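Novice: Structure for this input, please:
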Amino acid sequence: MKILFVTSPGGHLAQLLSLRSWWENYSHEWVTFKQSEVESTLAGEQITWAHFPTTRNARNAIKNFWLAWPTLRRVRPDVVVSNGAGVSVPFFLVCKIMRIRTVYIECFDRITLPTLSGRICYPLSDLFCIQWEEQSEFYPGSVNIGHLL
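Specialist: Got it, this is the predicted structure:
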C-alpha cells in the first residue's frame with residue numbers, strides 16, 4: 001500500500017506523525033509547506049512542497065489544485081490521508097476525479113464547530129474520522145478514532 005499524506009505543519013503534522021506505528025511500514029510520501037521545522041521533522045522523507053498560505057487564499061488553492069495533478073500521477077497512492085488544513089481541499093477534489101481513495105481526520109481542537117476544510121472534504125472523503133464524539137453532530141456516519149494527541 002502507498003499512502004500520500006497531505007497536511008499543514010504544526011499540530012496537523014503532529015497528529016499524523018502520532019500514527020507512525022500504523023504507516024511507517026508502508027510506502028508513503030508527504031505534501032506540506034516548506035518551513036524549517038517541517039524540514040527537520042520530516043528529514044529523510046519524500047516531500048512535495050505545497051503553496052502557502054492556503055487559508056482563504058484562492059490563488060494558492062488554485063496553485064495547489066494544479067500541483068495535485070502531477071503529484072498524484074507521480075506518487076500513484078492507494079490512499080490520500082489528510083487532517084487539513086486548506087491544502088487538503090484541492091488534493092481531495094483531484095482525488096475524487098481520479099478515483100483515489102481518501103481519508104480525512106478532523107482536527108482534535110475543533111470540538112464545537114467544524115473546520116472549513118472538514119466541511120468541504122466531508123462529502124469528498126471515502127472515510128471521515130473524528131476525534132471527539134461531539135464532532136459526529138456535524139459529520140454523520142464518521143468514525144470516532146479517539147484523540148491522536
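Novice: any idea where the strands of the protein begin and end?
Specialist: Using DSSP state E, the strands of the chain run over 2-7, 27-32, 47-49, 79-84, 101-105, 127-130, 143-144.
Novice: Without its sequence neighbours, what residue ends up closest to Trp69?
Specialist: Distance criterion C-beta to C-beta, 6 or more residues apart in numbering; nearest residue to Trp69, sequence neighbours excluded, is Val94 at 5.9 Å. Yep, even glycine has a C-beta here, placed from its N, CA and C like the rest.
Novice: before we move on, the earlier item: of the strands of the chain, which is nearest Glu137?
Specialist: Glu137 lies closest, by C-beta to C-beta, to one member of these: strand 127-130, at 9.7 Å.
Novice: From the rest of the structure, what touches the closest one?
Specialist: Residues from elsewhere that reach strand 127-130 (C-beta atoms under 8 Å, 6 or more residues apart in numbering): 101-106, 121-122, 136, 139, 141-145.
Novice: Go through the chain and flag its longest helix.
Specialist: helix 58-75 (DSSP state H).
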